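Undergrad: mind folding the following:
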Amino acid sequence: MVNELDVSFSLASPQDKDIPIDISVSDIEEDMIYRFCVGINGVWYTIQDFSTKKEVTWVPEEYGNYIVMVQAKKISSKKAFDYITRINYTIGKNFEDEKIIKSISLDKECYTVGDKLCLTVDSIYSPSLYKFWINGQYGWELLKDYTSDEKLVLTLNEIGEKEILVQCKKQDSENNFDDFSTVKFYVYEAVKIEITSLKSLSKDLISGEELIFECEVNNEESKTVLYKFLVIDEKGNVNVVQDYSTKSIVSFIENNSGSFKLLVLVKDLYSINNYDDRAVIIYEVKPYNEIKIIDFSADLSSPHYTGHPVIFNVQVEGGKNLMFKYTINGPSVDDEPFIEESGYLRENFYQWIPKVSGNYTAVVYVKDESKPQGYDVYSEMSFEVLPYVSQVVKILDVQIDSYEKHVKNKPIGIIVKAEGGLKLQYSFVITKENKEIGVIDYSDKNFLTFMPQESGYYELEIKVRDTFSVQEFDASTILHFKVWDYYPAKIDYILYKSQECYVVGEPIVFNIVAQNTKNILVKYVLSVDDQIIEETNFENNIVFQYVPTVKGKYTLSVMARNKDSEYEYDTKKEAKIYVQDSLPVMDTKIICEAKEEDLVVNNSIFFVVSTKGGRDIGYEFYLMEQGQWRRVQTYSRKNTYSFIPFKAGDYKLLVLTKSEYKVCSYEDYGIYEFKVT
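TA: Now for the predicted structure:
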């Protein structure tokens, strides 16, 4: 609250123009400086800028109602001013003699940020014109130019003491104004926003992949909350990943690994603070998922023979950009230990041709490309090499005659192609979840037809040997496959019309192209700006149509599953589009087409609503009768309302307006008060 100054004038108001008037101020403290200004018609003039002089002479050059303002501050103060006083002063006798404004009334004694202020001017002369100003950050700012409307409706978005200036003049007056008056009020801060939760929505926090975090606050439904997210790395570097926005979920890609802090600042839309609350979450970003070796094998069994290539193969999970190094250690050659190293390669296989018989150890080292030194995991296997023997047995290929997915009670045909030996024999061993369920002993048949009776994971071991071989087998391979209860659903494409932009209110049609269409169920989840707005159940419907009601980034997630599936869904695809919005609905006004003398009991009263902005506007009406609100007309395109009052008294008609496709209770509203006699 700014203190008042004791200001005096050599001549009392009102006075004529061109007459010198001395303005002086009394000292309130030592070492003070003073500034003298006058304002008229919303424009301020500085008579004397800040100085130690406590008196100034003012010579007004035109008639009108002035505001004399004196500011004071200490010489050492860094504020704009420490003290201020404003005094009304009239130049011209006729302005004082002919008062027009009787009073100014406000609908409330105090307000909070976001409230609507309703101001009414009561004048003693009709017809009159009214002009409204507000004392803002940069002086008097125009709110509404001259109009015959004696009311002002204003949404308040700043806290603190405010002042509104009303200028009034007769309709036929040639003066800038004939009378003026001011009213002061105070705007209080709204209920403080507090963070209740800050959490990660990502399953794994991996560098180079999208990280998703969500912030939750209290009373989010009743306030417009803004969120700002900042990432702080281990060196203290700060990166703003989202400036203040209404999005409470933030997603970004972190290209580095290590320990990070996510700082979120939240504030009410109308808050004057930098933020109302803040929270920090510490999280670790891994460069990649843990690397695991699933299997390390060779295409030929041990022992093998010199001169024939052996291909080592490794199956790995995890990591991003994998690299493999193969090392083979064997018997000494010319008193030097045999070591063959491949160096790090991107291939998960390596071919080696043994030249000397003996016992060997093959080792594979696996690491991610981002690892500067060493390796993540390794595996090794022993391998025996015998002197060269012609006709080495090798499995060249295994062909599986089946669909892409294997289903129970459907035959799976397998054909083995092998070479070498004098006469080859084939054996098949089938296991399910480490339990042997079928064995076909060695025979000259190189094919197998297998019909699984149950769903699950199966393993088929194929063994090939020469009839005259003394070994259990000369070559082998193992196949792994999954058998389903049904053919899993598979979505090939999501088709939708390609156009430059999508607009709120225009329908968007998505068509799903999927295999085995008659036996699948499809579920659609539509979200806008990461908020789910529509979700269907699983049904046999490959067409989804939606009419967007708000602008934003729309994501359609399509999940499909077979009718017999035990899983939530078998496959999932997404389509993303951006929808533009129309202008917001504003300046809602209710117009009563009945004259005041016609507002009587048992007489029909007709109202019509006008608005600006928006698109395909909907209107909802509430009527207050005998102090009770009731909804009399739900949202529709109808912008009119009529009714017949059966009792005398005070009434209010409230209309809520919004664009038809806007996902909100209302965008704007208007209230009309009237009395029925």
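Undergrad: hmm, V579 is touching T555, no?
TA: No - judged on CB atoms under 8 Å, V579 makes no contact with T555 at a distance of 11.3 Å. Where you see a C-beta, it was placed from the backbone N, CA and C, and this is true even at glycine.
Undergrad: give me the common contacts of these two.
TA: V528 (CB atoms under 8 Å, 6 or more residues apart in numbering).
Undergrad: in terms of neighbours, single out the busier of the two.
TA: Neighbours per residue, other CB atoms under 10 Å: of V579 and T555, the larger number sits with V579, 21 against 17.
Undergrad: can you pull up the bridge partners for the more buried one?
TA: Y502, G552 (DSSP bridges).
Undergrad: what's it in contact with, if anything?
TA: So V579 contacts 502-504, 528, 548, 550-552, 554 (CB under 8 Å, 6+ apart).
Undergrad: and it, what pLDDT?
TA: Note on V579: pLDDT of 82.
Undergrad: and it, how far from V503?
TA: Separation of V579 from V503 (CB to CB, to the nearest Å): 7 Å.
Undergrad: now S557
TA: 22 Å.
Undergrad: same thing with N409?
TA: Taking CB to CB, one finds N409 at 51 Å from V503.
Undergrad: how about the contacts made by the residue lying closest to S103 once chain neighbours are set aside?
TA: Distances taken as CB to CB, 6 or more residues apart in numbering put D122 closest to S103, at 4.7 Å, once the chain neighbours are dropped. The neighbours of D122, taking CB under 8 Å, 6+ apart as the test, are 101-105, 150.
Undergrad: downstream neighbour of the least confident helix or strand in the chain by mean pLDDT in the secondary structure list?
TA: Sorting the helices and strands of the chain by mean pLDDT, DSSP states H and E puts helix 93-97 at the bottom, at a mean of 54. Using DSSP states H and E, the helix or strand that follows helix 93-97 in sequence is strand 101-106.
Undergrad: within its sheet, name the partner strands of that next one and how each one runs.
TA: For strand 101-106, the pairing partners within the sheet under DSSP bridges are strand 116-123 (antiparallel).
Undergrad: the partner strand - what's its average pLDDT?
TA: Strand 116-123 comes out at a mean pLDDT of 92.
Undergrad: what's the following helix or strand after it?
TA: Per DSSP H and E, strand 116-123 leads on to strand 128-136 as the next helix or strand towards the C-terminus.
Undergrad: neighbouring contacts of that next one?
TA: Strand 128-136 has contacts (CB under 8 Å, 6+ apart) with 42, 100, 119, 121, 123, 140-150, 152, 154, 162-171, 177.
Undergrad: mind checking which of these are buried?
TA: Applying 16 or more other CB atoms under 10 Å to the contacts of strand 128-136, the neighbour count classes 100, 119, 121, 123, 140, 143-144, 146, 150, 152, 154, 162, 164-170, 177 as buried.
Undergrad: most centrally placed residue in the protein?
TA: The residue lying closest to the centre of the chain (CA atoms, centre = their mean) is K247, at 3.8 Å.
Undergrad: what secondary structure does it sit in?
TA: Here K247 is recorded as coil under DSSP: H, G, I helix; E, B strand; the rest coil.
Undergrad: pretty sure it contacts K228?
TA: No - here K247 lies out of contact with K228, judged by CB under 8 Å, at a distance of 10.3 Å.
Undergrad: overlap of the contact sets of these two?
TA: By CB under 8 Å, 6+ apart, no residue touches both K247 and K228.
Undergrad: so K144 makes contact with V153?
TA: No - counting by CB under 8 Å, K144 stays clear of V153, with 9.7 Å between them.
Undergrad: would you list every one of the strands in the stretch 251-400 of the chain?
TA: 258-268, 277-285, 292-298, 304-305, 310-317, 322-333, 336-341, 349-352, 358-368, 377-386, 394-401 (DSSP state E, counting those that start in this stretch).
Undergrad: please report how far the residue nearest to D82 when sequence neighbours are not counted lies from G613.
TA: Computed as CB to CB, 6+ apart, the closest residue to D82 that is not its neighbour in sequence is K73, at 4.3 Å. Remark: distance between K73 and G613 (CB to CB) = 44 Å.
Undergrad: ok, now F36?
TA: The value you get for F36 to G613, if CB to CB is used, is 44 Å.
Undergrad: more crowded one of the two?
TA: A direct count of neighbours by other CB under 10 Å for F36 and G613 places F36 higher, at 25 against 16.
Undergrad: tell me the bridge partners for I339.
TA: Applying DSSP bridges to I339 gives these bridge partners: N329.
Undergrad: got the contact list for it?
TA: Residues in contact with I339 (CB under 8 Å, 6+ apart) are 327-330.
Undergrad: okay if I get those residues as CSV plus distance to A514?
TA: Converted to CSV, the contacts of I339 look like this (distance: CB to CB, whole Å):
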residue, distance to A514
T327, 48
I328, 48
N329, 52
G330, 54
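Undergrad: return the member of these nearest to T306.
TA: G330 (11.2 Å; CB to CB).
Undergrad: that closest one against G358, yeah?
TA: Yes - counting by CB under 8 Å, G330 touches G358, with 5.6 Å between them.
Undergrad: lovely, talk soon.
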